[in-house]
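Colleague: Structure for the following, please:
(one chain, ligands or ions: 2)
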Amino acid sequence: MTSKPAAAAAQATVYGYPRQGPDRELKKAIEGYWKGRVTADALRETAAELRRSNWRQLAGAGVHEVPTGDFSYYDHVLDTSVMVGAVPDRHREAVASDALDGYFAMARGTQDVAPLEMTKWFDTNYHYLVPELGPDTVFSADSTKQVTELTEALALGHTARPVLVGPVTYLLLAKPAPGVAAGFEPLTLLDRLLPVYAEVLADLRAAGARWVQLDEPALVQDRTPAELNAAARAYRGLGALTDRPQLLVASYFDRLGEALPVLAKAPVEGLALDFTGAAAANLEDLAAVGGLPGKRLVAGVVNGRNIWINDYEKSLATLATLLGLAGRVDVAASCSLLHVPLDTAPEKDIDPEILRWLAFARQKTDEVVTLAKGLALGTEAVASEIAANRAAHASRAGSPLTRDPAVRARAAAVTEADGRRSQPYGERAAAQRAHLGLPLLPTTTIGSFPQTGELRTARADLRAGRIGTAGYEERIRAEIGEVIAFQEKTGIDVLVHGEPERNDMVQYFAEQLTGYLATQHGWVQSYGTRYVRPPVLAGDISRPAPMTVRWTFYAQSLTDRPVKGMLTGPVTMLAWSFVRDDQPLGDTARQVALALRDEVNDLEAGGTSVIQVDEPALRETLPLRAAGRADYLAWATESFRLTTSGVRPDTQIHTHMCYAEFGDIVQAIDDLDADVISLEAARSHMQVAHELAAHGYPREAGPGVYDIHSPRVPSAEEAAQLLRTGLKAIPAERLWVNPDCGLKTRAWPETRASLENLVAAARTVRGEL
Ligand code: GLN
Ligand code: ZN
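Modeller: Ligands and ions are numbered 1, 2, ... in the order given. Here you go, the predicted structure:
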């Protein structure tokens with residue numbers, strides 16, 4: 001690539017930055033405010049200081065145009081609801097009496113009112129608050145937050161670009177408000193919403209914005225012609241305004257597809273496109289529509305949601321191609337950097353050799369700046385950066401961590417038969433019935449029991465060296481003893497050990513598998529003030545030693561009833577980690593599956609007859625566009641079967657899923673070839689039981705009859721009623737009785753009462769059969 005004068009203007013930018021601060025200052029300030037220990041003014045000052053320091057950091061690194069408005073006390077979609085005045089009736093009073101407390105009431109609820117519903121932001125692990133809209137929704141503009149933050153940045157001398165959730169995506173993410181007929185489509189409110197955006201745009205222009213970014217990630221999903229028309233109408237309308245800044249419409253997480261020609265034609269001044277992963281197809285699509293002559297193209301060539309270093313030579317080649325396709329090309333991360341941790345520098349426990357392969361938000365910012373410089377001045381201007389980047393990639397490719405010949409040989413030798421049980425489901429079910437001797441409507445739980453303060457203290461004591469491993473394990477054994485005794489006394493049929501030794505269902509396994517790394521400070525916002533530290537799946541995966549068996553066997557030694565072994569499945573292990581990007585996901589899933597298969601087989605060899613492999617993430621990692629789904633579901637179900645197919649026919653394999661609608665993946669659930677599945681269902685009144693039945697799902701199933709997301713204790717009669725509803729869809733020989741999910745977030749008193757009622761309900765309904 002040679003430098004061209006046309007590229008001399010190439011600039012570096014990002015769409016958003018981690019909000020929490022290097023020491024999670026924002027989390028601490030907000031939670032302090034909730035507890036009354038931090039005043040509103042102090043919270044505002046902490047927030048303002050974090051914004052200032054983020055802009056300083058970005059500008060200092062060489063970013064030309066910093067984002068504003070990406071900061072949030074809780075969630076940017078909630079901020080958008082406030083900006084357009086979409087406050088649900090039940091929160092109006094709280095919002096009117098105090099804007100900040102009202103905002104948190106919408107986010108978290110109060111004693112008297114429920115919060116907005118929360119759900120996943122596309123296929124990331126970030127959760128947003130779902131706007132509630134109805135035919136009576138009246139929008140009104142409140143640009144205060146956007147204008148304030150822009151003004152702050154401009155006052156500090158930064159070139160700043162406000163970032164807003166676009167109107168089409170906002171409406172597509174909304175749901176009908178409670179009481180509104182389910183068929184109501186929020187997108188029908190577009191014409192009412194656009195004038196509000198027009199007002200905000202005018203306010204931002206008046207405050208000094210030259211560009212405003214409108215994020216429309218919903219347009220990378222499969223969209224109907226009507227939805228695409230709505231997008232065309234929205235941007236024709238906004239483009240036609242006279243009193244407005246220049247508009248940059250941003251997309252990310254996948255290719256724009258059919259929406260690309262729509263936006264390319266729209267009278268807006270710029271588009272931002274993702275060129276990483278599957279979204280790289282945007283490059284061809286862009287050429288096919290004749291490029292964006294005269295427009296600004298912001299090229300997301302640095303992956304904004306994974307933690308690996310960029311490939312400079314590849315990115316510069318992409319950028320060089322793009323130069324011929326737009327009036328001006330700028331460089332960015334593919335999406336907001338909110339989805340990655342802040343900085344690799346404080347990671348003192350990671351081998352420096354491996355640290356060279358990782359890029360968190362700060363490092364990604366540097367990458368964007370370097371690429372923009374390379375684009376503007378030619379590759380010679382960044383020759384040393386390119387050389388270092390090439391060396392880091394070579395180190396990664398040649399590392400024994402990423403290439404373990406034994407793991408690779410084993411994965412390559414896997415045959416179709418390894419992923420198939422030795423007998424079909426029907427025969428296995430009979431063998432299991434004989435082997436386990438369970439009653440009709442058997443009762444069980446999903447795995448975890450309350451993670452009490454004592455357990456957390458014990459883990460903290462262990463970390464701080466106040467107790468040794470022996471002392472810690474003594475406490476775990478005591479807890480297991482109590483959990484087993486309670487289940488026996490209550491009359492539960494298939495017991496669990498309660499998972500007291502697990503800090504987290506993915507991290508616990510990641511810590512014991514070779515090929516995984518843990519970070520010390522790699523916090524990423526999951527929702528509100530909840531941050532998680534996803535492990536990094538960096539290399540070839542192997543299991544040096546059994547991970548769970550001693551706890552399961554200890555539990556089994558205390559009782560004659562069957563104790564279920566508990567594992568996290570391969571798809572969920574990938575979904576809740578940062579996954580290596582140097583091989584197909586399916587190859588990584590297969591390695592994880594083989595490691596877990598050894599654990600399954602060890603459990604069986606030690607006498608465990610029921611083994612549950614949880615896959616709560618199966619539905620959420622489904623690709624955004626239908627085109628990628630068959631391939632995903634093929635490797636996802638194959639890796640589950642590989643995990644579970646090494647056992648005898650009379651060993652019963654369970655799986656568990658939650659947090660999702662399952663209607664569209666029943667075939668995939670069937671393809672797992674598990675013997676029993678437990679699913680979240682209590683809130684939806686057993687709807688999933690009917691979805692399974694409608695599909696002819698032939699296996700045993702336990703749709704949850706106890707909603708574990710609330711401390712509320714379901715009565716025995718209520719649980720019995722849900723079981724009777726379940727029996728209309730699933731025959732008694734195949735229906736299990738269990739809660740929706742694990743009990744780790746619950747306290748003991750409500751857990752005790754609820755499980756006693758659950759067992760009583762099972763007994764009552766058995767008597768009616
Ligand atoms: N076995 C896990 C538990 O009981 C399952 C958790 C989940 O599905 N998220 O906690
Ligand atoms: Zn669950």
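
Colleague: Chain neighbours aside, what residue packs nearest to whichever residue of the stretch 301-450 of the chain sits closest to ligand 2?
Modeller: Using CB to the ion, Ile446 is the residue of the stretch 301-450 of the chain that sits closest to ligand 2, at 5.7 Å. From N, CA and C alone the C-beta is placed, and that goes for glycine too. Spatial nearest neighbour of Ile446, chain neighbours left out: Gly742 (4.6 Å); criterion: CB to CB, 6 or more residues apart in numbering.

Colleague: Pretty sure the one you found sits against Gln451.
Modeller: No. With contact defined as CB atoms under 8 Å, Gly742 does not count as touching Gln451 (9.4 Å).

Colleague: neighbour count winner among the two?
Modeller: Taking other CB atoms under 10 Å, Gly742 and Gln451 do not tie; Gly742 has more neighbours (25 against 21).

Colleague: so who does the residue in the stretch 101-250 of the chain that ligand 2 sits nearest to touch?
Modeller: Going by CB to the ion, ligand 2 is nearest to Lys120 of the stretch 101-250 of the chain, at 14.4 Å. Contacts for Lys120 (CB atoms under 8 Å, 6 or more residues apart in numbering) come out as 126-128, 620, 659.

Colleague: any idea how far the residue nearest to Ile446 is from ligand 2?
Modeller: Distance of Gly742 to ligand 2, given as CB to the ion, to the nearest Å: 6 Å.

Colleague: quick one: secondary structure of that residue?
Modeller: Here Gly742 is coil, with the state taken from DSSP: H, G, I helix; E, B strand; the rest coil.

Colleague: Next: Leu263.
Modeller: Using three-state DSSP, the structure places Leu263 in helix.

Colleague: Run a quick check on it versus Leu247, I expect a contact.
Modeller: No. Contact criterion CB under 8 Å: Leu263 and Leu247 do not qualify, at 10.4 Å.

Colleague: Pull up the gap between the residue of the stretch 101-250 of the chain closest to ligand 2 and Trp576, please.
Modeller: Distance, Lys120 to Trp576, using CB to CB, to the nearest Å: 12 Å.

Colleague: And for Val506?
Modeller: Counting by CB to CB, the gap from Val506 to Trp576 is 4 Å.

Colleague: Tell me how many other residues surround Arg561.
Modeller: Counted with other CB under 10 Å, residues neighbouring Arg561 total 16.

Colleague: how far away is the residue of the stretch 551-700 of the chain found nearest ligand 1 from Ala701?
Modeller: Closest residue of the stretch 551-700 of the chain to ligand 1, CB to the nearest ligand atom: Pro616 (3.9 Å). Remark: distance between Pro616 and Ala701 (CB to CB) = 16 Å.

Colleague: and what of Asp41?
Modeller: 53 Å.

Colleague: which of the two has more neighbours?
Modeller: Counting neighbours by other CB under 10 Å for Asp41 and for Ala701 shows that Ala701 has the greater number, 24 against 8.

Colleague: Where does the residue lying closest to the more buried one once chain neighbours are set aside fall, secondary structure wise?
Modeller: Closest residue in space to Ala701, ignoring its immediate chain neighbours: Ile677 at 5.2 Å, by CB to CB, 6+ apart. Using DSSP states H and E, Ile677 sits within strand 676-679.

Colleague: Would you pull up how far stretch 315-332 lies from the middle of the chain?
Modeller: 30 Å (CA atoms, centre = their mean, to the nearest Å).

Colleague: and what of stretch 395-405?
Modeller: Centroid separation between stretch 395-405 and its chain, computed with CA atoms, centre = their mean, is 28 Å.

Colleague: Contacts for that stretch next, please.
Modeller: Contacts of stretch 395-405 with the rest of the structure, by CB under 8 Å, 6+ apart, involve 353-354, 356-357, 514-515, 538-540, 542, 580, 582.

Colleague: Could you tell me the end-to-end distance of it?
Modeller: 17 Å (CA to CA, to the nearest Å).

Colleague: Pull out the buried positions in it.
Modeller: If you call a residue buried by 16 or more other CB atoms under 10 Å, then stretch 395-405 has these buried ones: 396, 399, 401-402, 404.

Colleague: Output the set of residues of this structure in proximity to ligand 2.
Modeller: Within the chain, the positions lying close to ligand 2 (CB under 5 Å from the ion) are 616, 658, 741.

Colleague: how far away is Pro711 from Asp404?
Modeller: 46 Å.

Colleague: How about the contacts made by the closest residue to ligand 1 within the stretch 601-750 of the chain?
Modeller: Of all residues in the stretch 601-750 of the chain, Gly742 sits closest to ligand 1, with a separation of 2.1 Å (CB to the nearest ligand atom). Contacts for Gly742 (CB under 8 Å, 6+ apart) come out as 445-448, 499, 708.
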